[in-house]
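Peer 1: structure, please.
(one chain, ligands or ions: 1)
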Amino acid sequence: MMYSMDYITPSHATEKIRYAIREVTVLARKLESEGRRVLYLNIGDPNVYDFDLVEEAKEAAIWAIRNHKNGYAASEGVAEAIEAIVRDAGERLHIRNILGCYTGHGASECIDIALTALVNPGDNVLLPSPTYPLYTNVLKRLGAEIRYYRLDSGHGWEPDLEQMKSLIDGRTRGVVVINPNNPTGAIYPESVLRGIIGIAKAHNLLVFSDEIYERLVLSPEKHHVSMAALDDEVCMVTFDGMSKAFLGPGIRIGWGIVTGPGARLAAYREAIGHLVRARLCANHPFQWAVRPCLEGGQPHLPAMIDKLRRRRDLVLQKIASIPGLSCIVPEGSFYAFVRVEGAEDDAGWCRALLASKGVVVVPGSGFGYRELGAGYFRIVFLPTEDTLAEAFDKIAEFVEETRSGGGAPC
Ligand code: PLP
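Peer 2: Numbering: from 1, shown residues only. Coordinates of the predicted model:
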């Protein structure tokens, strides 16, 4: 290959890396710099709104910084943190067959490490559609093929297991399950999780179970089940961290828990060991926050869930009152995935909404999702009720204007 003598050319691996959740803010910031009021409903960071990192985490990190915990930590993680994660997974989530656990810079880094340890260029991994875009980006960087399995909007956004099976061939290595789901807010019943486990076992797939919203169950009649608790023989990595339920996305602490039959996973675990050592360690002082957070009874959670539930219900009421908009009730997390009839160019629809009304939402296609005859957008219902009401009044005006103007602008 010949490189230009005039320019520094970026790698091919970066050509397809996109993260729609943040890319929409480029136009938003431009509008703000022109003096426009902008309402951000795009980012899943509670600290942008009226939430703050839990006190236990702040105190523990300050203690750690003052008590000489500022050097490199063990690569897998600080022993106190690892022990607390393993204990919590065993006692609260009923996960029995834990082989190992590692911490990283957010669940994001743990996911990156877990996928990197598994796939070779040309292998394929099953991702949900819609999906959380981190998975897409990591797999593209690794030269892996992405095969999307369908989340069925006609069945509460549950995975379509028959279609999932039809995607599998000799190069399929893993399946990603996000439960509770981002962007749909769905929580999967045990029967569906058992179905995925059956498929994974039949085809020797590693299951990546992303449970970062596991504590944020908003509907009292719903119950989150950790997939790893359902089967001792399936090979799995479960992800969680401090970003969502403990309100600390900026402290960058997450973890991966490897479960399954030890002999079958030995080489894979060794590969994870190489990768965690190669990047030294996760943020050291904040690893000391893990144990007090997990063992402190999480006193902030009931009020937080109550607040999120009220905000979700307001959003659902607003959506129901706007012609052409609909949404399946998000049972967990803090996202709503909203259907807009007729807006097939969802990215164009979202750009026009932002330009005309100053409301920032993320197009469904940014999550790898398209549906015939409709577009989707994702919002976070983390903002205050006043902000959400204002944003949805503007969305209602926009829908009204575009409908009377003969369709969605592109
Ligand atoms: N997984 C899912 C499903 C997410 O929604 C997010 C963040 O929004 C992450 C992982 C990343 O979490 P972290 O901040 O711990 O890297």
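
Peer 1: so G170, which of the three states?
Peer 2: Three-state call for G170 (DSSP: H, G, I helix; E, B strand; the rest coil): coil.

Peer 1: could you report the distance from it to V119?
Peer 2: Computed with C-beta to C-beta, to the nearest Å, the distance linking G170 and V119 is 14 Å. (Each C-beta comes from the backbone N, C-alpha and C, glycine too.)

Peer 1: mind checking which of these two has more residues around it?
Peer 2: Neighbours per residue (other C-beta atoms under 10 Å) separate G170 from V119, with V119 holding more: 21 against 7.

Peer 1: helix/strand/coil for the more buried one?
Peer 2: For V119, the assignment made with three-state DSSP gives coil.

Peer 1: might you report the residue contacts of it?
Peer 2: Counting by C-beta atoms under 8 Å, 6 or more residues apart in numbering, V119 touches V125, L139, L142, A144, R173, G174.

Peer 1: can you list phi and psi of the spatially closest residue to L39 that is not a sequence neighbour for me?
Peer 2: Nearest non-adjacent residue to L39, counting by C-beta to C-beta, 6 or more residues apart in numbering: A391, 4.6 Å away. Main-chain torsions, A391, degrees, to the nearest 10: phi -60, psi -40.

Peer 1: pretty sure A391 is touching G358, no?
Peer 2: No. Using C-beta atoms under 8 Å, A391 is not in contact with G358, being 9.0 Å away.

Peer 1: joint contacts of those two?
Peer 2: In terms of C-beta under 8 Å, 6+ apart, A391 and G358 are both contacted by the residues L39.

Peer 1: for these two, indicate the residue with more neighbours.
Peer 2: Shown here are A391 and G358; by other C-beta under 10 Å, A391 has more neighbours (23 against 17).

Peer 1: OK, contacts around that one?
Peer 2: Neighbour list for A391: L39, L41, V359, I379, P383 [criterion: C-beta under 8 Å, 6+ apart].

Peer 1: how about 6 Å then?
Peer 2: For A391, the contacting residues are L39, L41, V359, by C-beta atoms under 6 Å, 6 or more residues apart in numbering.

Peer 1: and those residues as CSV, adding pLDDT, secondary structure and distance to I328?
Peer 2: Output for those, formatted as CSV (pLDDT from 0 to 100; DSSP: H, G, I helix; E, B strand; the rest coil; distance: C-beta to C-beta, whole Å):
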residue, pLDDT, secondary structure, distance to I328
L39, 95, strand, 23
L41, 94, coil, 18
V359, 96, strand, 21
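
Peer 1: pick out whichever of those sits closest to C235.
Peer 2: Closest approach between the contacts of A391 and C235, by C-beta to C-beta: L41, at 37.7 Å.
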